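Asks: Fold the stuff below for me.
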Amino acid sequence: MQTVEETIDVEVPVRTAYDQWTQFESFPNFMSGVDSVVQLTDRTNHWVVNIGGAKREFDTEIIEQRPDERIAWRSTDGEAHAGAVTFTPLQTGGTRVWVRFE
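Replies: Purely as a prediction, here's the structure:
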């Protein structure tokens, strides 16, 4: 399984960064390749993505959620994948966002 990790510092408070990541249905507005996300329950979402011309649909479930700190998820159907995002406050008042996809 391939793993991708990225880190970016953003000039918003942790609460703002975390809140954006929990608004899954807005992901198509800023994530390339994401066509739609529909929140099914508090912990599950249905995704439609188009990566390299290949359209895929799958469901995910949130397996860990610590407000303002961490969100982790995994797929429940389709190709197996999982990921996590953590939020670390910076002394500048911004946030370091670390994302890992498997």
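Asks: Which SSE is immediately downstream of the strand ranked longest in the chain?
Replies: Looking across the chain with DSSP state E, the single longest strand is strand 54-66. Next helix or strand after strand 54-66 toward the C-terminus (DSSP states H and E): strand 70-75.
Asks: right, and residue 85 touches residue 70 too?
Replies: Yes. Under the criterion of CB atoms under 8 Å, residue 85 makes contact with residue 70 at 7.0 Å. (C-beta placed from N, C-alpha, C; glycine too.)
Asks: okay, those two: which has more neighbours?
Replies: Taking other CB atoms under 10 Å, residue 85 and residue 70 do not tie; residue 85 has more neighbours (18 against 15).
Asks: Just the element for the more buried one, please.
Replies: strand 82-89.
Asks: So for this structure, the centremost residue is which one?
Replies: The residue lying closest to the centre of the chain (CA atoms, centre = their mean) is residue 21, at 6.0 Å.
Asks: mind listing what that one touches?
Replies: 71, 85, 87, 97 (CB atoms under 8 Å, 6 or more residues apart in numbering).
Asks: distance of it from residue 60?
Replies: Distance, residue 21 to residue 60, using CB to CB, to the nearest Å: 13 Å.
Asks: How about residue 84?
Replies: Counting by CB to CB, the gap from residue 84 to residue 60 is 12 Å.
Asks: Look at these two and report which has more neighbours.
Replies: residue 60 (22 against 17).
Asks: Which neighbouring elements make contact with whatever helix or strand comes next after the strand holding residue 85?
Replies: Once the chain leaves strand 82-89, the next helix or strand it forms, by DSSP H and E, is strand 95-101. Applying 3 or more CB pairs under 8 Å, 6 or more residues apart in numbering; DSSP states H and E, we find strand 95-101 packed against strand 4-10, helix 14-21, strand 82-89.
Asks: what's the offset of strand 95-101 from the middle of its chain?
Replies: 9 Å (CA atoms, centre = their mean, to the nearest Å).
Asks: likewise stretch 21-35?
Replies: Worked out by CA atoms, centre = their mean, stretch 21-35 lies 8 Å from the chain centre.
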